[in-house]
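**Q** what follows is a predicted structure for the sequence shown.
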Amino acid sequence: MDLNVTMVGTAASVPTAARGMAATLIARGGERVLVDCGEGTQRQLLRSGLGLVDLDLVLVTHLHADHFLGLPGMLKTFGLRGRDRPLRLVGPRGLAALMAALRPVVGRVPFPLELDERDERDPGVPWRGEGWRVEAFPTYHSVPSLGYAVVEDPRPGAFDVAAARALGVPEGPLFGRLQRGEPVQTAGGTVRPEDVMGPPRAGRRIVVTGDTEPCAATLQASEGADVLVHEATFLHAERDRARETRHATAREAALVARQAGVRLLVLTHLSSRCSPSELREEAEREFPRVLVPRDFDRIEVPFPERGEPIVHRAPRGPRRDEPDTTSDPPATVVAHDL
């Protein structure tokens with residue numbers, strides 16, 4: 001099943017000519033999850049070519065304006081388009097009060113809006129889909145905040161054709177039944193799936209931190225992640241300012257990626273004070289597989305045995321506020337133009 005991450009908006013605090021406000025779209029098959037919905041997110045989705053996608057789930061990392069101000073307009077648009085199926089909105093403490101305050105702005109919502117406010121002290125699993133789930137974890141910011149991991153269920157192990165043949169299983173439908181976890185009968189007796197299947201293989205894991213200092217919960221949630229989307233508001237020379245505001249530096253994000261053993265680090269919440277090349281160079285001193293994305297970059301996430309994440313680079317747009325000093329991603333990531 002396809003799994004993709006699209007960087008819908010990558011700016012820190014204020015938009016720029018090239019970067020929209022915080023928003024990350026995770027697509028697994030036909031299911032879509034939006035993490036944060038900064039101002040202008042619905043237009044960013046339209047500009048990206050994705051269109052205003054059907055969402056069942058929106059995850060808000062925290063209630064600073066640059067991460068949620070796109071919600072009122074998006075909810076209004078969904079209503080005007082005749083949406084009738086439920087939308088689940090997950091966020092930290094204060095979410096219900098915020099949405100109540102926004103009710104006069106949004107007006108009547110003609111579809112079920114399910115609010116799921118999570119205590120960051122024990123946020124749990126706010127969503128379970130078929131074959132995947134969302135795990136929330138506490139982060140460390142200046143207000144109650146959460147990060148999210150989209151995690152697939154374990155997959156069956158590899159099917160050992162030679163072992164099946166040695167046990168007298170003929171090729172054909174019986175192979176399929178064993179791979180589905182069903183025992184089969186042969187002339188020699190019963191063959192169980194565990195006789196011919198390898199150990200279970202982990203599903204893929206995508207982690208989005210939102211705004212945070214480096215913290216133990218982020219490190220734990222990111223263990224073995226295929227993609228870690230970590231904020232990098234500052235260069236390490238400004239780490240004192242990062243501590244004051246409870247943000248991370250590019251170096252700190254890279255250290256988390258290295259310690260967690262992730263496959264690809266994607267930096268986001270990018271300030272126009274720092275050039276993409278400065279952020280990338282700082283992070284690559286600690287971790288080799290780093291992407292400083294443009295808005296609308298898409299990361300294709302194959303299963304580990306099928307190769308590394310593939311970065312589909314969005315076309316360069318005008319950058320009046322920051323020089324375009326990005327270069328190709330590292331060799332472990334294949335870059336393509338959309």
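**A** Everything's here; your move. Numbers count the residues shown, from 1 in each chain.
**Q** quickly list the domain ranges of this protein.
**A** Here the domain parsing of the chain from automatic domain parsing is 3-155+201-337, 161-196.
**Q** how far away from the center of its chain is the shortest one?
**A** Translated: domain 161-196. What separates the centre of domain 161-196 from the centre of its chain is 38 Å, taken as CA atoms, centre = their mean, to the nearest Å.
**Q** the first one too?
**A** In terms of CA atoms, centre = their mean, the centre of domain 3-155+201-337 is set 6 Å apart from its chain centre.
**Q** quick check: mean pLDDT of it?
**A** On average, the pLDDT along domain 3-155+201-337 is 91.
**Q** related to what we said a few turns ago, can I get the domains of the chain in a markdown table including mean neighbour count?
**A** No exception for glycine: its C-beta is placed from N, CA and C like everyone else's. Rendered in a markdown table, the data for the domains of the chain read as follows (neighbours: other CB atoms under 10 Å):
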| stretch | mean neighbour count |
| --- | --- |
| domain 3-155+201-337 | 19 |
| domain 161-196 | 14 |
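**Q** distance of R32 relative to L69?
**A** According to CB to CB, to the nearest Å, R32 stands 20 Å off from L69.
**Q** likewise A237?
**A** According to CB to CB, A237 and L69 sit 30 Å apart.
**Q** now do the strands in the stretch 1-150 of the chain.
**A** Secondary structure of the stretch 1-150 of the chain (DSSP state E, counting those that start in this stretch): strands at 3-9, 23-28, 31-35, 57-59, 87-92, 113-118, 127-129, 132-138, 146-152.
**Q** okay, now the sheet partners of the last one, with direction.
**A** Using DSSP bridges, the neighbouring strands of strand 146-152 in the sheet come out as strand 132-138 (antiparallel), strand 205-208 (antiparallel).
**Q** would TSV of those strands with distance to G168 be doable?
**A** Supplementary listing: these in TSV, determined by distance: least, CB to CB, whole Å:
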stretch	distance to G168
strand 132-138	36
strand 205-208	38
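**Q** tell me which of those strands lies nearest to E282.
**A** strand 205-208 (20.5 Å; CB to CB).
**Q** what's the following helix or strand after the closest one?
**A** Moving toward the C-terminus from strand 205-208, the first helix or strand encountered (DSSP states H and E) is helix 216-221.
**Q** immediately after that following helix, which helix or strand?
**A** Note on helix 216-221: by DSSP H and E, the next helix or strand toward the C-terminus is strand 227-231.
**Q** quick one: residues in contact with that next one.
**A** Outside strand 227-231, the residues within contact range by CB atoms under 8 Å, 6 or more residues apart in numbering are 5, 7, 12, 24, 35, 206-212, 218, 222, 247-248, 253, 256-257, 260, 262-269, 299, 301, 309.
**Q** angle of it against strand 23-28?
**A** Following axes from the mean of the first three to the mean of the last three CA atoms, to 10 degrees, one obtains 170 degrees for the angle between strand 227-231 and strand 23-28.
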